[in-house]
Each structure stands twice: as C-alpha cells, then as structure tokens.
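Visitor: everything below, folded, please.
(chains A and B)
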Amino acid sequence: MIDSAAGWLLVLNRELVAPLAGALSLGLSAIAFDPAAFRAAATPAGRDLALLLAFLAGVSQAAGHGLVLFLNRVPLARFALSLVLMASIYLASAVVTAVTTTLAVDYAFRREIAYGPVIGIIALAQAPRLFGILTLAPYFGEALSRLLDVLVFGLILFGLYHGIGIPVGIAAMAALLGWAAIRLMSLLFGRPLGRAIERLRHAVAGGSLTVTSQNLAEHLKGQARKLTVGKRPRE
Amino acid sequence: MIGVLDHVVLLGVLIFVVSMIMAPFETLGWWAGWLGPGEETERPPAADGPVEPERSAPPAVPRAHVVFLSGIGSISGEEQIPSDEAFLARLRAALPRLAIVHDIFPYAPSGLPLFTGQRVFRWLWRTARRWHGGQTYLLPPILHMRNIFQVLVAADNRYGPIYGYGLSRVILDRLIANGYAADGGGPIILLGSSGGGQIAVSAAPYLGAATGAPVSVVAFGGVMASDRGVTETGRLISLYGSRDFVYRLARFAFPGRWPVFASSHWNRALRAQRLVEREIGPLEHSGRGGYLDERSRWDGVSHLDLTVREVGAAIRSVVEETAPDLQPA
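Guide: Down below sits the predicted model:
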C-alpha cells in the first residue's frame, strides 16, 4: 500500500523512469558498437530493456514516417494513437525478424541457438531508429532514413557476432534468409494479415487513409482544378 | 571558458536540428487543419469584392501576368525589401504590357506573413520586422535559416506537393485580386529570386492545373532542386552570375542536378530544352556585387540594371512562346 507522494515517486522511478533510462543507455551503447551492450541484451533482463528500446525506436520511427497521417488530415488525438499502434507493429516486426533469423541459423547452418538472446539482440539493433524522428528533416531526411537502415543492419550482424558468437558471414546469410522468409510468408499469408493490419490502422486513424505519398501530387492537382470554379476577377 | 563555449555551440546545434525537424510542421499542420482554418481569412478573399489598388496601375489588358517570389530575406508579402522594390520598379518600366504581382510571402504554404496568425514565434518575427534593415546581426540569420528550411520543405518529395499546392492557392488569390481571369487569363510567369526559384517550381504544376494556363518559371540566382515541377513547368529559364556561390552550392547539394542522374527531372528538362541555364555576368548572390546591387557595375551597367535587362529578356522570350498572338510585351 502506497500512502505518500514519496512512495508514488519511488514506484514511478522503479517502474517507468529507471527502465526508460536503462533502455536508452543500452541503446546509446549499442549505437557506439559496444559489444558489452549486445552481450547484455542476450540476457533475460537485458532483453526486456532491448524490447522497450525497440518500442521507443518504433515511436520515433513512426513519428518520422507519420506523413501519411498528415496527408489524410488525421486529428491530433488519433495521430498519437496511430503512433503507438505503428510502434507496436514495428516492435512485432523486429521480433518476427529475430524468430526467422533464429530459424535460418538453426536449419541452414545447423547451429542451435535460443530465440530469447536473438530477440534481445535484434531488438537492441533497432537503436539507431531512436533517431527516426530526424527523418522528418526536409530534403535530407530521406537520405538519413537509408543511413539508419544500413546502421540497423550493421548492428544486427555486430550484435549476433558479439552477443552470441555467430560469425558475421553466417549472421549476414541468416539475416538475408530471415528477410527472404518474411517476404515469402507475406506473399503466402500476408494479404489477410496485411488487410487486418491496414483495417486496424484505418480504424485507429478514424477513417480510410486514401491519400498516400504516391498519389499525393495527382490528388492535389485534382484539388487545384476546383480552385477556380466560380472565381472571376474583381470588377 | 571553453566549457561555456562548448555549451553555446551545443545549444546552437540543438536549436538548428530542432528547427530543421520542425520546419515541415508548418506545411503539414496547415494541410491537416491543425493550424486552424480561420487563418486564411486575414487577407481579403479572392472571389468577389473590389480590387486592391496597385502601387502603379497595371496595363488594362496585360499580355501576361508575372508573379514575383522574393528571396529568403522576405518576412511578408506586403513589405518588400528595398532592393526588391527597386528591382520591381525597373522591371515594371521595362515590361509595360505585363502585370506584375509582388505581394506574396512565399515562405509559408498559407502565404501568411511571419508576424501574424497563430505562430509560436510571432513575437520574434515582429521584432525582426521592426529591426528589418536596421543594424542587427542576430535576426537576419535566424530569418534566413527559417526560410531556407522552408525552401528545403518545398524541395522535399514528401512535403513539396503540399507546399506547392498551398502556395498555388495564395498565388491564384493574388492573381485574381490583380485582375487575372481565372477561366482564361493568359500565361503566368513565376519569377523567383534565390529560394523563390524553388517555391516557383513547386507551385507551378498546381497553378497550371488550377488555371489551365501555361505557367513558366524565370529565376535569377535560383536555388532549385530536381523537382517534378521542373518537368511540369512550361518553360524554366535559370539565370545566374558566375560568382554566385549559392547557385553553385545548390548544384552540388541537390543530387538530382548532378549530370550522372540522367533520368532526373532536372536533366530530362535540360535535354528537352525546356530548362535553360544562362550565365548573365560576374554577379554574386547578394549584397555587394549581387544581382540587385546598384552600386557595382560591369560592362558599363549596374548589376541591378543588368539583372533587370536579363530577366526582362527572359520573360519576353517566354511570353513570345506562350502568347505569340498578342501584342508585344
């Protein structure tokens, strides 16, 4: 029973602030290519922090890629809700990547490894995405996004090598096989799942997200054509 | 002492990064309606109502409309920078058969000046407005940085279409206010100075879609990316000075302009000769020796007169192409 403000602060610190600080600290070490960070992420306690970090990275990434929400004029509250949803999807995709990579290492290279450490390492490798919000930067943001992609991939290889001793070449092949497995699964079963995720995204956003980056210019030209209807110069 | 300096530099970098990240929010927030729809009614609406008086009366039936989009020193559409004013007065005299529209603030998709509306930093821009042209070294760099970021927003594939659409609305509004017939008002030439060149290129496709008229761009010292507007613009003439470092920097900073990317909008337009780059003399980008400097001279004429002459010639050539059956400009 917590019966004082100090008690609440202690609980807040223990349950929220300390894990957040721990996750961010671990993430920064990972970005600095510190092998100890990945060894820590391979432990159960470190894995929890790494998963929290991947979620935070997902929020930052979602904010950076939240353009489609703006394009569809999603209200502010639903925008925030959509960011949480997109971050959760990001976290889930990191876990799926870890599982497929583990399966690839297991079956293709006959090396038995546990799922837990790989999940922790691949979650921690998402650390560069903490800077995903910087991809909002005009003009140079898209190039930065590609750079973060490369960094994440590099950290996965580095982490698998230093965290659980998988050689870099095998880790690269496993990551590639894992990616191919995800593509294959999405081709075979992805449509129903993709539709479900899209429906969920639309529901959270409060309507259909019909305007995309691809059709934006044509959509706006259509809007522009309506601008002159009924307009005459002033006499 | 070094510690304090480190903190100042760190703070400066932080402000720069945060400002850059926040730059697209004006465009996105405007589009999403988060900035409030009431913002757009500060100016008189385009349809109905009397024409606002021009400082010098436009020709009765202009052969074409020229819309001036100023450089990054701009803070509002109504208040011109003195050098821009001198340039526009001479250009108007050189092109008596054309209507020149100049009261547009190109560095916001809503067209609203910096010191009005719901802006968080309205107080800062109001101070800048008071000090504009005065002896201050702090605010102009901040204003220039803010407007450069908006140029980058306009050049970005993700935000540029919204920015261009927003500006096309503002331009259309001012064109109609200046007597342009929205359902057949003849050619439009967007004249961009410095960053105004990119804004012109971004807005051109949407202005063309709105009016159905040929929309061309003439820029001097234009900072332009390889935007889709480059290929969707009727004609693009880019004038530059051989000593214009900013123009050269833009060639480097926007990879779509590198010759190696042969299929970029910029290079496709160059090959199709819709885009022409023309050097007009040993002019710098701004200040002493710049395009609008009246004191510096080359080949017997002031830089300002040289720029007016070359811009006038470029505009005339565009008008000859887009409205050949009408009387001379």
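
Visitor: residues from the stretch 201-329 of chain B in reach of chain A?
Guide: Residues of the stretch 201-329 of chain B that fall close to chain A, judged by Cβ under 8 Å from any Cβ of the partner chain: B:205, B:206, B:207, B:209, B:210, B:211, B:225, B:228, B:254. No exception for glycine: its C-beta is placed from N, CA and C like everyone else's.

Visitor: number of residues surrounding the fifth one?
Guide: So the one you mean is residue B:210. Other residues near residue B:210 come to 26 when the count uses other Cβ atoms under 10 Å in any protein chain shown.

Visitor: now do it, the pLDDT please.
Guide: Per-residue pLDDT puts residue B:210 at 92.

Visitor: isn't there a helix covering it?
Guide: Yes. The assignment for residue B:210 is a helix, going by DSSP: H, G, I helix; E, B strand; the rest coil.

Visitor: roughly how far apart are it and residue A:226?
Guide: Going from residue B:210 to residue A:226 by Cβ to Cβ, to the nearest Å gives 8 Å.

Visitor: one more: the fourth one?
Guide: When Cβ to Cβ is the yardstick, residue B:209 and residue A:226 sit 10 Å from each other.

Visitor: these two: which is more packed in?
Guide: Neighbours per residue (other Cβ under 10 Å) separate residue B:209 from residue A:226, with residue B:209 holding more: 23 against 10.

Visitor: quickly find the element holding residue B:279.
Guide: Element membership for residue B:279 (DSSP states H and E) is strand B:275-281.

Visitor: so where's chain A uncertain?
Guide: By pLDDT under 70, the weakly predicted segments of chain A are A:1-2, A:182-183, A:185-194, A:196-197, A:204-209, A:230-235.

Visitor: what segments of the stretch 201-329 of chain B are helices?
Guide: B:228-232, B:245-253, B:265-271, B:303-322 (DSSP state H, counting those that start in this stretch).

Visitor: no no, chain A
Guide: A:5-12, A:18-31, A:35-41, A:44-64, A:67-71, A:76-109, A:115-124, A:141-164, A:168-205, A:216-225 (DSSP state H).

Visitor: once you drop chain neighbours, what's closest to residue 94?
Guide: Going with chain A. residue A:54 (5.0 Å; Cβ to Cβ, 6 or more residues apart in numbering or on different chains).

Visitor: not quite, I wanted chain B
Guide: residue B:312 (4.2 Å).

Visitor: measure the one you found to chain A for me?
Guide: With distances taken as Cβ to the nearest Cβ, to the nearest Å, residue B:312 is found 25 Å from chain A.

Visitor: what sits against residue A:226?
Guide: Residues near residue A:226 by Cβ atoms under 8 Å, 6 or more residues apart in numbering or on different chains: none.

Visitor: ok, which pair from the residues of the stretch 201-329 of chain B next to chain A is furthest apart?
Guide: B:211 and B:254 (27.7 Å; Cβ to Cβ).

Visitor: now residue B:193: phi and psi?
Guide: Note on residue B:193: backbone dihedrals following degrees, to the nearest 10 are phi -110, psi 130.

Visitor: doesn't residue B:69 make contact with it?
Guide: Yes. Using Cβ atoms under 8 Å, residue B:193 is in contact with residue B:69, at 7.0 Å.

Visitor: residue B:234: neighbour count?
Guide: Residue B:234: 18 neighbours (other Cβ under 10 Å).

Visitor: give me the phi and psi for it.
Guide: According to degrees, to the nearest 10, residue B:234 has phi -60, psi -50.

Visitor: what sits against residue B:175?
Guide: Residue B:175 neighbours (Cβ under 8 Å, 6+ apart): B:65, B:67, B:101, B:182, B:185, B:188, B:211.

Visitor: please tell me how far the third one sits from residue B:179.
Guide: This points to residue B:101. 10 Å.

Visitor: the more surrounded of these two?
Guide: residue B:101 (23 against 20).

Visitor: what's the helix or strand for residue B:157?
Guide: Using DSSP H and E, no helix or strand contains residue B:157.

Visitor: wait, what's in contact with residue B:25?
Guide: Taking Cβ under 8 Å, 6+ apart as the definition, residue B:25 has no contacts.

Visitor: near chain B, which residues of chain A?
Guide: A:67, A:70-71, A:73-74, A:76, A:133-134, A:136-142, A:213, A:216-217, A:220-225, A:227-228, A:230-235.

Visitor: show me which of the residues you listed are buried.
Guide: A:67, A:70-71, A:73-74, A:133-134, A:136-139, A:141, A:216-217, A:220-221, A:224, A:227-228, A:231, A:233 (16 or more other Cβ atoms under 10 Å in any protein chain shown).

Visitor: tell me where the stretch 1-150 of chain B has helices.
Guide: Going by DSSP H, counting those that start in this stretch, the stretch 1-150 of chain B shows helices at B:2-32, B:82-94, B:122-131, B:139-155.

Visitor: tell me which of the ones you listed sits most buried.
Guide: Greatest average neighbour count among the helices of the stretch 1-150 of chain B goes to helix B:139-155 (a mean of 22), per mean count of other Cβ atoms under 10 Å in any protein chain shown.

Visitor: does it reach chain A?
Guide: Yes. Using Cβ under 8 Å from any Cβ, helix B:139-155 reaches chain A at B:149, B:152, B:153, B:155.

Visitor: test my guess that the last one contacts residue B:199.
Guide: Read it as residue B:155. No. Taking contacts as Cβ under 8 Å, residue B:155 lies outside contact range of residue B:199: 9.5 Å.

Visitor: count of neighbours near the closest residue to residue B:64 other than its chain neighbours?
Guide: Distances taken as Cβ to Cβ, 6+ apart put residue B:187 closest to residue B:64, at 4.3 Å, once the chain neighbours are dropped. Counted with other Cβ under 10 Å, the neighbours of residue B:187 add up to 23.

Visitor: from what I see, residue B:187 and residue B:316 are in contact.
Guide: No. Using Cβ under 8 Å, residue B:187 is not in contact with residue B:316, being 11.8 Å away.

Visitor: so which of the helices of the stretch 1-150 of chain B gets nearest residue B:258?
Guide: Across the helices of the stretch 1-150 of chain B, closest to residue B:258 is helix B:139-155 (Cβ to Cβ), at 14.8 Å.

Visitor: tell me the pLDDT of the residue nearest to residue B:64.
Guide: Taking residue B:187 on its own, its pLDDT is 93.

Visitor: residues contacting it?
Guide: Applying Cβ under 8 Å, 6+ apart, the residues near residue B:187 are B:63, B:64, B:65, B:213, B:214, B:215, B:216, B:234, B:318, B:319, B:322, B:323.

Visitor: also residue B:171?
Guide: B:67, B:101, B:104, B:190, B:203, B:207.

Visitor: isn't there a helix covering it?
Guide: Yes. Applying three-state DSSP, one finds residue B:171 inside a helix.

Visitor: top of the contacts of residue B:171 by number of neighbours, please.
Guide: Busiest of the contacts of residue B:171 [other Cβ under 10 Å] is residue B:203, holding 35 neighbours.

Visitor: how about residue B:205: what's its closest non-neighbour residue?
Guide: Going by Cβ to Cβ, 6+ apart, residue B:205 has residue B:232 as its nearest residue, at 4.1 Å.

Visitor: run a quick neighbour tally on the closest residue to residue B:87 other than its chain neighbours.
Guide: Leaving aside its chain neighbours, residue B:87 sits nearest to residue B:292 (5.2 Å; criterion: Cβ to Cβ, 6+ apart). Neighbour count of residue B:292, defined by other Cβ under 10 Å: 25.
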